[in-house]
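Participant: Quick one, fold the following:
(3 chains)
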Amino acid sequence: MGTYWTAFYVGGLICVFGQLMIDVIKLTPAHVMATLVVIGAVLDGLGLYEPLIKYAGAGATVPITSFGNSLVHGAMLEAERNGIVGIITGIFEVTSAGISSAIIFGFLISLIFKPKG
Amino acid sequence: MQNSKYKSLSKQLAPKTPILRNCVVAFLVGGLICVFGQFIQNIFLKHFNFTAETVGSPTVAVLIFIAALLTGLGVYDKLGQFAGAGSAVPVTGFANSITSAAMEHRSEGLVLGVGGNMFKLAGSVIVFGVVAAFFIALIKTLWGMF
Amino acid sequence: MKNKVGKQTLKFSNVSILSSSSVVGEMEAQGPLTKEFDELYDDQYMGKDSWEKAELFLLERSLDIAIKKANLSKTDIDYYLAGDLLNQNISAGFSARTLGQPFLGIYGACSTSMEGLTIASTLIEGGFGKYAMAAVSSHNATAERQYRYPTEYGGQKPVTAQYTVTGAGAVIVSTVPSNIKVTYATIGKIQDLGIKNPFDMGSAMAPAAADTIAVHMRDTGRQPSDYDLILTGDLASVGYPIVKELLKRDGIILGTEYNDCGLLIYDRERQQVFAGGSGCASCATVTYGYVMNQLSKKKLNKVLIVATGALLSPVSYMQGESVPCIAHAVAIERKEN
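Facilitator: I've put the predicted structure just below:
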């Protein structure tokens, strides 16, 4: 599941790719994130993301691209079990932790802290 | 003056974006955040009952919590200005976009302010991720049937 | 039309500036002009619950100080003109509620200060009242959260971005004579050369500044060197060289008399303000603080203040529109009575 070195440089390279999208193509951060998520989904569709995770560990699971990967994974898992309908019922299965924790912690933090500007 | 002519004039006189510096910093910070994620992941693998399949979820949840906390403490925006994509691309950037929007709209109340605006920046990530995943999974499933 | 000169310029014979005020926030208090402002605040919330309430507080302080400096009371103000950057001009409206005098809300984005001074001067010159007050406010956090991103968001701002000034400035003009007079005002026309980037306001606004300065010079028959100081409101480091180049191509040379409020209000080496200051308060606080002090001390005699504004909205930008801009110029001169 990756080593510290592979996690470092693969994760770093994905970030460089994002930085080039911001500085050269002049996309906004939101556009960059949306693009990376779709790229992650496409790579999993092509069967390329899982091997990347095996090689780079957190270098592949931490960037937002893995979100796209998890969405496709969840959909495919359910589709294998329950046919085409599974695509819709399974999409959030694997990513549930990410989205739930972001909502919960985001909400709690907003109750406790005020923005400093 | 025509628009195209003005565009080239303003580009000529504009300050240059330090692309190389930005990429190097993004690489280092992004890489370090992933190293930290790897460290967390290894703890979950070793000391808890997670397998390579299931360890992604708790790892991501811990990183999200830390990013939300750093956003609350007013530190993440400074990190973001410094590191650019290095802090925006990891899932910590996703957490920061949700938390910062929630915090900012607190003054408008919990329901309409926090609840209604939380996904202002992160919404497109979820929407495009889900829509893309839907079509990709659909294509794969139909392909597998024929 | 005895009061109009040339195409777009108004001439005033009877408008004196009685007082002005400037109040600022944290970043500005730490900048190079710190001694020129009436009040400084080191907390961006000013002790209030929200950024918006903080901005309103600053605006109301600027009104109180200007009125006090002129030895007047609130009820002496015949007309109050104000504007800010927020949707529906809430700071201006709520401040007018507190002031309780006849009110005209105006909007010119960051050019609102000179728009207000121009209209206030016409009300005085026309004999419609004895005292007219014009004021503006802006706040870094309220502008960021409305036009760009939540303040704790980690998005990286580019080198062309500007830092909205947290502050407010007010001026009172009157028929009662003083040594500092408003002599001319040139009302600008919208200029839009296709810039679409909301993080590059300098490039968008420079053509408007160039156009208004050129028209002003042609209308009045003056040259830039006739002025001790020409200040644009917030072109900052990006727009500054562009406006000089545009005017040069038009045969008008801006020399050492030219500077920009967005560059004066901060120390770009020491403070992380990217290209420099912006916002209604950029022009207002530098003009009503620093410039008015210099005029009173006779260190400056003839100045031209060119406030620049970008008239975009968050919606227009997202719908792919470019940024239409405008600039209004007001000439302020010492005239011994």
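
Participant: from here on, contacts and neighbour counts on C-alpha atoms
Facilitator: Will do.

Participant: where do the strands sit along the stretch 51-200 of chain C?
Facilitator: Assignment of strands within the stretch 51-200 of chain C using DSSP state E, counting those that start in this stretch yields the ranges C:79-84, C:103-105, C:131-138, C:163-164, C:167-174, C:180-186.

Participant: Would you mind giving the ones you listed as JSON lines with mean pLDDT added?
Facilitator: Listed next are those as JSON lines, based on pLDDT from 0 to 100:
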{"stretch": "strand C:79-84", "mean pLDDT": "98"}
{"stretch": "strand C:103-105", "mean pLDDT": "98"}
{"stretch": "strand C:131-138", "mean pLDDT": "98"}
{"stretch": "strand C:163-164", "mean pLDDT": "96"}
{"stretch": "strand C:167-174", "mean pLDDT": "98"}
{"stretch": "strand C:180-186", "mean pLDDT": "97"}
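
Participant: Adding mean neighbour count and distance to residue C:21, write the ones you listed out as TSV.
Facilitator: Formatted as TSV, these follow (neighbours: other CA atoms under 10 Å in any protein chain shown; distance: least, CA to CA, whole Å):
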stretch	mean neighbour count	distance to residue C:21
strand C:79-84	27	14
strand C:103-105	18	19
strand C:131-138	31	9
strand C:163-164	24	19
strand C:167-174	31	5
strand C:180-186	25	15
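
Participant: Wait, residue A:52 touches residue A:60, no?
Facilitator: Yes: counting by CA atoms under 8 Å, residue A:52 touches residue A:60, with 6.4 Å between them.

Participant: Please identify which of those two sits among more neighbours.
Facilitator: Residue environment comparison for residue A:52 versus residue A:60 gives the larger neighbour count to residue A:60, 32 against 20, counting by other CA atoms under 10 Å in any protein chain shown.

Participant: So residue C:251: helix, strand or coil?
Facilitator: Three-state call for residue C:251 (DSSP: H, G, I helix; E, B strand; the rest coil): coil.

Participant: ok, it to residue C:187 distance?
Facilitator: 21 Å (CA to CA, to the nearest Å).

Participant: same deal with residue C:301?
Facilitator: The spacing between residue C:301 and residue C:187, counted by CA to CA, is 22 Å.

Participant: Those two - which one has more neighbours?
Facilitator: In this view residue C:301 and residue C:187 are compared by other CA under 10 Å, and residue C:187 has more residues nearby, 21 against 17.

Participant: tell me the contacts of that one?
Facilitator: Residue C:187 makes contacts with C:8, C:9, C:10, C:115, C:212, C:327, C:328, C:329, as judged by CA atoms under 8 Å, 6 or more residues apart in numbering or on different chains.

Participant: can you rerun that using 6 Å?
Facilitator: With contacts defined as CA atoms under 6 Å, 6 or more residues apart in numbering or on different chains, residue C:187 is in contact with C:8, C:328.

Participant: what does the one 4 residues further on give?
Facilitator: Contacts of residue C:191 were listed using CA under 6 Å, 6+ apart, and they are C:208, C:324, C:325.

Participant: Name the residues linked to it by a beta bridge.
Facilitator: Taking DSSP bridges, one finds residue C:325 as the beta-bridge partners of residue C:191.

Participant: do residue C:186 as well
Facilitator: When residue C:186 is checked against DSSP bridges, its beta-bridge partners turn out to be residue C:9, residue C:329.

Participant: ok so, going back, put together CSV for the strands of the stretch 51-200 of chain C, with distance to residue C:244 on each row.
Facilitator: Shown next, in CSV, are these (distance: least, CA to CA, whole Å):
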stretch, distance to residue C:244
strand C:79-84, 28
strand C:103-105, 32
strand C:131-138, 27
strand C:163-164, 22
strand C:167-174, 27
strand C:180-186, 19
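
Participant: The spatially closest residue to residue C:5 that is not a sequence neighbour: neighbouring residues, count only.
Facilitator: With CA to CA, 6 or more residues apart in numbering or on different chains as the criterion, residue C:5 has its nearest non-adjacent residue at 5.7 Å, and that residue is residue C:219. Applying other CA under 10 Å, we find 17 other residues in the vicinity of residue C:219.

Participant: Tell me the pLDDT of residue C:219.
Facilitator: Here the pLDDT value assigned to residue C:219 is 97.

Participant: go on, residue C:337?
Facilitator: Among the per-residue scores, residue C:337 holds a pLDDT of 66.

Participant: which residue packs closest to the residue of chain B positioned farthest from its centre, ignoring adjacent ones?
Facilitator: Centroid-distance maximum for chain B: residue B:1 at 40.6 Å, with CA atoms, centre = their mean. In this structure, residue B:1 finds its nearest non-sequential neighbour in residue C:193, 7.8 Å apart by CA to CA, 6+ apart.

Participant: swap in residue C:7?
Facilitator: Of all residues beyond its chain neighbours, the one nearest residue C:7 is residue C:219 (6.4 Å), with distances taken as CA to CA, 6+ apart.

Participant: Number of residues surrounding the residue in the stretch 101-250 of chain C positioned nearest to chain B?
Facilitator: Nearest residue of the stretch 101-250 of chain C to chain B, counting by CA to the nearest CA: residue C:154, 3.9 Å away. Residue C:154 has 29 neighbours, counted by other CA under 10 Å.

Participant: what's the answer for residue C:208, then?
Facilitator: A count of nearby residues for residue C:208, using other CA under 10 Å, gives 28.

Participant: and it, backbone torsions?
Facilitator: Listed backbone geometry of residue C:208 is phi -70, psi -40, with angles given as degrees, to the nearest 10.

Participant: got the residue ranges for the strands in chain A?
Facilitator: Secondary structure of chain A, counting by DSSP state E: no strands present.

Participant: And the residue of it that's closest to chain C?
Facilitator: For chain A, the residue closest to chain C is residue A:117, as judged by CA to the nearest CA, at 4.9 Å.

Participant: thought that residue was touching residue C:153?
Facilitator: No: contact between residue A:117 and residue C:153 fails when scored by CA atoms under 6 Å: they sit 9.6 Å apart.

Participant: so how far is residue B:58 from the most centrally placed residue in chain A?
Facilitator: For chain A, the residue whose C-alpha lies nearest the mean C-alpha position (CA atoms, centre = their mean) is residue A:67; its distance is 2.3 Å. Distance of residue A:67 to residue B:58, computed by CA to CA: 14 Å.

Participant: likewise residue C:55?
Facilitator: 42 Å.
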